[in-house]
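K.L.:
The sequence and its predicted three-dimensional model are supplied below.
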Amino acid sequence: MKMNLMKKLSVVGILSLSLAACGSENAGSGSDGDSITVKLAHTGSESHQYHIASEKFKELVEEKTDGTVEVEIHPNATLGSEGEAIEQVMEGTIQMTTVAADSSLANVIPEMNVFGLPYLFEDKEHVYSVLDGEIGDELLTKANDQNMKGLGYWEVGFRHLTNNKKEINTPEDVKGLKIRVQPAPVWENHMKALGANPTPVDFNELYSSLDQGVVDGQENPLPTIDSMKFYEVQKYVSLTAHTYTPAVVLMNSNVWEDLSEEQQKAVEEAVKETTEYQRKFLADKEEEIVNTLKENGVTITEPDRKAFREVTKDVKNEQVPDDLINRIKE
């Protein structure tokens, strides 16, 4: 009996050691520079700005890491809305996402509401000087408190108003229209200042909402209007250029820390090079997009931007520090 008991204890001990060894091996997989597969989720189509950047990033980071960092791109909100993608990155369910700064991300990082303030940026040069400088870096570090690493900014673009009711040339033309807004506080204030009825709709549900008349219109950059085929359900585009939206590139903090220094450097370089590539790609494509819209029967107007600027000059958001606004203006 005693011998049998000793044998059983020996077997248990061997099994325990084996399990412990397996546990240690599993804990180290994908960490400290080992190979890793990164899921990058976004809500755009395969021709959206998000996807253009994601594909270039995948190409660059896999090349720079000799394939030790592989990227799986999940477009079309297949892993959830922008809000859900952010939540999953915070939890570590997915490793990366790229989302509009002034949408669901502004509910997690309130300072991102600044990008929903009307006419804060004069032009793209002004935008890039902010994003690529000290202010842009400071905003990215806000992600640290949410278990995310802010890696950089890809382009969404200057936003314009569209609708399916009438031409918009002055702020008065917007009054009474149901305009889809992003799910962030600043956008409700923005649209109310124009006399519109702001209606929050997730981006992945926007096309159907426009098609079914849930909302009369929306506001997005020209590449978004083109890539998401909003021109099929919106016949009027007004080039208001009322705000600029960057796409913030985010990675789960634990995943970031598990990368080797070489892999981290490669990821940062790939994000930066993607930013430069995508900005030029979209700038070169803008005239082509305008022609595409016109060919699809869209009426494009250039409204009185000074009038829009005047009507919306008092739009504020209590979550955006005045100091941040003043620094951007300067």
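P.N.:
Perfect, I can see it now. Numbers count the residues shown, from 1 in each chain.
K.L.:
need the strands for the protein, in chain order.
P.N.:
With DSSP state E as the criterion, the chain has strands at 36-41, 69-74, 96-100, 148-158, 160-163, 178-181, 197-200, 217-220, 236-238, 244-252, 299-301.
K.L.:
and the second one with strand 96-100, angle?
P.N.:
In other words, strand 69-74. Here strand 69-74 runs at an angle of 50 degrees relative to strand 96-100 (axes from the mean of the first three to the mean of the last three Cα atoms, to 10 degrees).
K.L.:
between strand 69-74 and strand 36-41, how many degrees?
P.N.:
Calculated by the same axes, to 10 degrees, strand 69-74 forms an angle of 30 degrees with strand 36-41.
K.L.:
in strand 69-74, what counts as buried?
P.N.:
By neighbour count on 16 or more other Cβ atoms under 10 Å, the buried set for strand 69-74 is Val69, Val71, Ile73, His74. Every residue, glycine included, has its C-beta placed from N, CA and C.
K.L.:
Output the residues you listed in TSV; the columns should cover pLDDT and distance to Thr301.
P.N.:
Listed next are the buried residues of strand 69-74 as TSV, based on pLDDT from 0 to 100; distance: Cβ to Cβ, whole Å:
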residue	pLDDT	distance to Thr301
Val69	98	46
Val71	98	40
Ile73	98	36
His74	98	37
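K.L.:
Next, format these as CSV and append distance to Leu282.
P.N.:
As requested, those are arranged in CSV below (distance: Cβ to Cβ, whole Å):
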residue, distance to Leu282
Val69, 25
Val71, 21
Ile73, 18
His74, 22
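K.L.:
Just name the most buried of the strands of the chain.
P.N.:
Most buried of those by mean neighbour count (mean count of other Cβ atoms under 10 Å) is strand 96-100; its value is a mean of 28.
K.L.:
Convert the C-alpha atoms of that strand to CSV, please.
P.N.:
Extracted C-alpha coordinates of strand 96-100, given in CSV (Å, rounded to 0.1, in the frame of the first residue of the first chain):
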residue,chain,number,x,y,z
MET,A,96,-4.7,47.2,-32.6
THR,A,97,-7.3,49.6,-34.1
THR,A,98,-7.4,52.9,-35.9
VAL,A,99,-10.4,55.1,-35.1
ALA,A,100,-11.6,58.7,-35.6
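K.L.:
Lovely, talk soon.
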